[in-house]
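**Student:** With the sequence up front, the predicted model follows.
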Amino acid sequence: MRRQGWILAVLAAIGLWFFISIEPVLMPFFVSMVLAYLGDPLADRLEELGLSRRLSVSVVFLLLSLVIVLTLVLVIPMLGRQLGQLIELLPAALDWGQTSLVPRIRALTGIDLGTDFDQMRQALLDNWRETGTFAASLLAQVSRSGLALAAWVGNLALIPVVTFYLLLDWDILVAKVRASLPRHWEPAAVHLARECDEVLAAFLRGQLIVMLCLGIIYAVGLTLLGVKFGLLIGLLSGLASIVPYLGVIVGIGIAGLVAFFQFGDPLMLLAVGGVFGFGQLVESTVLQPKLLGDKIGLHPVAVIFAVLAGGQLFGFTGVLLALPVAAVVMVVLRYLHAHYKNSTLYDAGRQPQDEESP
């Protein structure tokens, strides 16, 4: 038994080393796995209605493709325009801070931030110019390098192909993995797999829908108020809401500054707060209970740590996988903790005291 454990540990280490070694080519496959996982329940539902598996997968694939294409066609250009406007307004915003904000702070507190603000302003402008120069040189380098451009396009082209075939054979792959498990491990493995599926479904389907709904509420509300970059700020706040309360903090901070700089009216700050307060009300009373419940249970600190650790270890692919992997690890740890509480190791320290007690 101990020998088998060592063999499994060595195989796991070799597998981890292998995946780290080929990390640059894994991203399209991981994206395809996520899309196939999200689309499989709908394909199963269509099969129950009488459609063949191939036809069901084709319908789901077309729906996923339509959503992605509409997002690229409608949302990305608007975000690009607003981002360009934000870049153009950065020097004006810094000048406003130097001429208006710094004197007000000096008058209220007596603290002179003029020199520090000048240094910060110059550093921001210099880094902004360097970022633009770096981006331009990077794009030029990619354009000159036909091999790098071909590899990038090839990775994008792989995603729909791999997604289609994974969707087509998803149930077969799951059945083969289950049949390959050692017989005495199968009950525990199936139990853990079902719990992981519940958590992942709550996260991938529930949390992503919550983020999307919050982003739409914030973007529409800020746009109706006339706040510049409302779409950009709203969607960024929705993405940041993957960490509880971070989206609200980021959104109110940025939108409040933009609204105050744009209108100069303190009442607009209350209006911005009302937009985010309405979003939080909808999230707490409708979205969270209906879509998530208490299935995920990841602490905000654990969420932050998982994202940072995933990015440090595996780059962008690690960021994409950080929270799903953390959710699975949480399920496994709960399972191990339950077994530990029922083990003799946990009860050994209490038995002598129990025997001495009258």
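**Tutor:** Thanks, I have it.
**Student:** can you pull out the helices in the stretch 51-200 of the chain?
**Tutor:** In the stretch 51-200 of the chain, the helices defined using DSSP state H, counting those that start in this stretch lie at 53-70, 76-96, 102-109, 114-144, 146-168, 170-180, 186-200.
**Student:** Pick out the shakiest of these, pLDDT-wise.
**Tutor:** Within those, confidence is poorest for helix 114-144, with a mean of 54 (mean pLDDT).
**Student:** Tabulate the CA atom coordinates of stretch 176-195 in CSV.
**Tutor:** Presented in CSV, the C-alpha positions along stretch 176-195 are these (Å, rounded to 0.1, in the frame of the first residue of the first chain):
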residue,chain,number,x,y,z
LYS,A,176,-14.2,6.4,-19.3
VAL,A,177,-12.5,8.2,-16.5
ARG,A,178,-15.0,6.7,-14.0
ALA,A,179,-14.5,3.2,-15.4
SER,A,180,-10.7,3.6,-15.1
LEU,A,181,-10.8,4.3,-11.4
PRO,A,182,-9.7,1.6,-9.0
ARG,A,183,-12.9,-0.1,-7.8
HIS,A,184,-12.3,0.5,-4.1
TRP,A,185,-11.7,4.2,-4.8
GLU,A,186,-14.7,4.7,-7.1
PRO,A,187,-17.4,5.5,-4.4
ALA,A,188,-15.3,8.2,-2.7
ALA,A,189,-14.1,9.6,-6.0
VAL,A,190,-17.6,9.8,-7.4
HIS,A,191,-18.8,11.5,-4.2
LEU,A,192,-16.0,14.1,-4.4
ALA,A,193,-16.6,14.6,-8.2
ARG,A,194,-20.3,15.3,-7.6
GLU,A,195,-19.5,17.9,-4.8
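**Student:** List the buried residues in it.
**Tutor:** For stretch 176-195, burial by neighbour count (16 or more other CB atoms under 10 Å) applies to 192, 193, 195. Where you see a C-beta, it was placed from the backbone N, CA and C, and this is true even at glycine.
**Student:** Show residues contacting it.
**Tutor:** With CB atoms under 8 Å, 6 or more residues apart in numbering as the test, stretch 176-195 has contacts from 331, 332, 335.
**Student:** Please report how far the residue lying closest to the second one once chain neighbours are set aside lies from residue 310.
**Tutor:** Counting by CB to CB, 6 or more residues apart in numbering, residue 192 is the residue found nearest to residue 332 once chain neighbours are left out, at 6.6 Å. From residue 192 across to residue 310, the span is 21 Å (CB to CB, to the nearest Å).
**Student:** Likewise for residue 237?
**Tutor:** Applying CB to CB, the value for residue 237 to residue 310 is 22 Å.
**Student:** do residue 160 as well
**Tutor:** 25 Å.
**Student:** the more surrounded of those two?
**Tutor:** residue 310 (21 against 16; other CB atoms under 10 Å).
**Student:** contacting residues for that one?
**Tutor:** 318, 319, 320, 321, 322, 325.
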